[in-house]
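A.B. asks: My questions concern the predicted model and sequence given below.
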Amino acid sequence: MARKYPFKVNDAEYSASRGTILGMAFVVLMLCYGILTQMHFSTDAYYTLFDMRPEGHLGQGRFTIFFIIKVLTLFGANSVVMQRVFTFLFLLLLAVSSTVLFDCLYTRINHSLGSVCGMLMVVLLSFTNIYYLELFLFSEMCLYWGIGTLLTIYAVKLTQNRRPLSWCIAYLLLLLGLGVYQAMIGLYVIWCTTCAILERKVDSGSHFYKNYVKCLLIGGAASMTSIAVPKLIQMFGGSIDTLRSAGLSHLVENAILLIKEQKSVLIDGSSLYPKYTLILVLIFAIGLFLYGMGQEKGNKGWGLMTVLVLVTNYAIIFAPHLVAGYVWLSPRAIIPMGSFAASLLLLALQWMPGKTTILFIAVVQLFAIYQNLAISVDHFSTNRLDQEYARLLETQIEKYEAQSGIEVRNIAVRTDTSPQWKYEPIRYMAYNVNERAYLNEWSDVTLLNYVSGRGYNKIGMPDEIYQEYFANKNWDAWCPEEQLVFEGDTLYWVKY
């Protein structure tokens, strides 16, 4: 009898098929992010190019990144210079992560051909979205993001085992993943709970509550440890500034801000998706899932429990921001949102299998790839405009030097009363995505140094200089006669 699905569970044929899944995942990821294997720059990259000291990461609780950078510097590797290699490695690590996650979910789903293909698209949607896109835009960090993702997803896999030793290893891997980025906790909890829900569907006698509590205990323990690591380093004499450990005093304030930001996240799509896109996808997936679950008799209590678990999963996305020193919901800060949407689509597929669900998932996947490419094109355009502005500035410096015979060594920088964070032709801009790089204090002079090949020193601008030449002024275009003032070997530059 002909098999209705392409793989068998736990046999040699299925083991061989993992290579096919890996290859398919890599192809889709290349379609989505391959354009970013070209040289490009985030706002941080211009700074990192000249200074790769890892202490700042340690202060933010990213101790895994701290140690990776230590290793890289031993070999003289600069993450900006090596970004094309690291971006390719990020793609490969995401493909491996997709394969591991597929492996976790495969034994828990209906094995029709449609369900298997739909599940692969859903797994990839965890990574082909605007939230992961911003990780790629920070090219100097790609290697770290890839390692953190794989550690976290492999922790999900080990958590599914029955052996306590596997749980301990899962805790350690998750801890290292959180040492790359605290937002990884959302990926772990969302996919662990999704595995538990799916297992409960195929086996009503499965230990759902035990698996769920196990997931929360491992995730909670790893999270608390990751928060404690910077404090422990300080206790043992390390000198670091724990920028993201605001403490319980900010819990209520941060919670209120997070509630207010839900419109921006769900309705506005973080200004990177068209309005209502994300909320409509979530409503469609939740509607199908709940309708399918409602068709099962005698499962009202289980259905209510599942809804509570999904609400908890959504809350986990924002949990790291409760104890943060400030709330900054850039796409990369809520990367589990992609996994949350993907997990809901997978649940919809399992409770309401059919062509309509699979077609909807395929449309969402294609749209996600298209949107990522559109934002990436704007990213390259922003890079070109940033560097063109730097060349215009360097031209003015060279003109002054030729006329005065004085070499400019120092640059003092401030902004006008209302600087423009987005170039006019750019369609997509939010938070650090496609913002004008030179408006950040850490990437203005470093951007100029990169473009000009010189080594200008950045100094503070005295208030009297600012008041005399720039106070209460606001420009919307390049005007070197008014925005640049030269005195001796110093340039006073106001950014518009």
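C.D. replies: Sure, I can see it.
A.B. asks: what about the stretch 201-350 of the chain, any weak spots by pLDDT?
C.D. replies: 202-206, 234, 237-249, 297-299 (pLDDT under 70).
A.B. asks: Touching stretch 445-460 from outside, list them.
C.D. replies: Contact partners of stretch 445-460, identified using CB atoms under 8 Å, 6 or more residues apart in numbering, comprise 46-47, 49-50, 386-387, 390-391, 393-394, 397, 408-413, 437-438, 444, 490-491. All C-beta atoms are positioned from the backbone trio N, CA, C, and that covers glycine.
A.B. asks: Which residue ranges of the stretch 351-496 of the chain form helices?
C.D. replies: Counting by DSSP state H, counting those that start in this stretch, the stretch 351-496 of the chain has helices at residues 355-404, 445-452, 463-469, 480-483.
A.B. asks: Residue 108 and residue 191, how far apart?
C.D. replies: Applying CB to CB, to the nearest Å, the value for residue 108 to residue 191 is 11 Å.
A.B. asks: And these two? Which one has more around it.
C.D. replies: Neighbour count, other CB atoms under 10 Å: between residue 108 and residue 191, residue 191 has more, with 30 against 21.
A.B. asks: quick one: the more buried one and residue 342 touch, right?
C.D. replies: No. Judged on CB atoms under 8 Å, residue 191 makes no contact with residue 342 at a distance of 9.0 Å.
A.B. asks: Now for the two: what residues contact both?
C.D. replies: The contact sets of residue 191 and residue 342 overlap at residue 126 (CB under 8 Å, 6+ apart).
A.B. asks: Can you give me the neighbour number for residue 491?
C.D. replies: Neighbours of residue 491 using other CB under 10 Å come to 23.
A.B. asks: Test of understanding: give the bridge partners of it.
C.D. replies: In this structure, residue 491 bridges to residue 411, residue 486 when assessed by DSSP bridges.
A.B. asks: Can we start the residue count at 52 from this point?
C.D. replies: New numbering, starting at 52: the last item is residue 542.
A.B. asks: How far does stretch 90-100 sit from its chain's centre?
C.D. replies: 16 Å (CA atoms, centre = their mean, to the nearest Å).
A.B. asks: Show me what counts as buried in that stretch.
C.D. replies: The neighbour-count check on stretch 90-100 (16 or more other CB atoms under 10 Å) flags 91, 92, 93, 94, 95, 96, 97, 98, 99, 100 as buried.
A.B. asks: ok so, going back, mean neighbour count, the helices of the stretch 402-547 of the chain: which tops it?
C.D. replies: The highest average neighbour count among those, using mean count of other CB atoms under 10 Å, belongs to helix 496-503 at a mean of 21.
A.B. asks: what helix or strand does residue 186 sit in?
C.D. replies: Element membership for residue 186, per DSSP states H and E: helix 181-188.
A.B. asks: For residue 506, see how far away the closest residue to residue 99 other than its chain neighbours is.
C.D. replies: Excluding the flanking residues, the one nearest residue 99 by CB to CB, 6 or more residues apart in numbering is residue 191, at 4.7 Å. Going from residue 191 to residue 506 by CB to CB gives 20 Å.
A.B. asks: Now do stretch 428-438: everything it contacts.
C.D. replies: 86-87, 89, 91-92, 188, 474, 476-480, 484-489, 498, 502.
A.B. asks: just to revisit the earlier point, which of residue 191 and residue 506 has more neighbours?
C.D. replies: A side-by-side neighbour count of residue 191 and residue 506, using other CB under 10 Å, places residue 191 first with 23 against 9.
A.B. asks: for the more buried one, what are its contacts?
C.D. replies: Neighbouring residues of residue 191 by CB under 8 Å, 6+ apart: 93, 95, 96, 99, 100, 130, 131, 134, 137.
A.B. asks: ok, and the closest non-adjacent residue to the last one?
C.D. replies: Distances taken as CB to CB, 6+ apart put residue 194 closest to residue 137, at 4.1 Å, once the chain neighbours are dropped.
A.B. asks: element containing the one you found?
C.D. replies: Assigned by DSSP H and E, residue 194 belongs to helix 193-210.
A.B. asks: Check the offset of that helix from the chain's centre.
C.D. replies: From the chain centre to the centre of helix 193-210 is a distance of 13 Å (CA atoms, centre = their mean).
A.B. asks: Give me the angle between that helix and helix 181-188.
C.D. replies: 140 degrees (axes from the mean of the first three to the mean of the last three CA atoms, to 10 degrees).
A.B. asks: Check which helices and strands helix 193-210 is in contact with.
C.D. replies: Applying 3 or more CB pairs under 8 Å, 6 or more residues apart in numbering; DSSP states H and E, one finds that helix 193-210 contacts helix 114-125, helix 134-157, helix 181-188, helix 215-229, helix 235-253, helix 259-286.
A.B. asks: In CSV, list those helices along with distance to residue 433.
C.D. replies: CSV is the format used below for the helices and strands packed on helix 193-210 (distance: least, CB to CB, whole Å):
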stretch, distance to residue 433
helix 114-125, 25
helix 134-157, 16
helix 181-188, 10
helix 215-229, 30
helix 235-253, 27
helix 259-286, 33
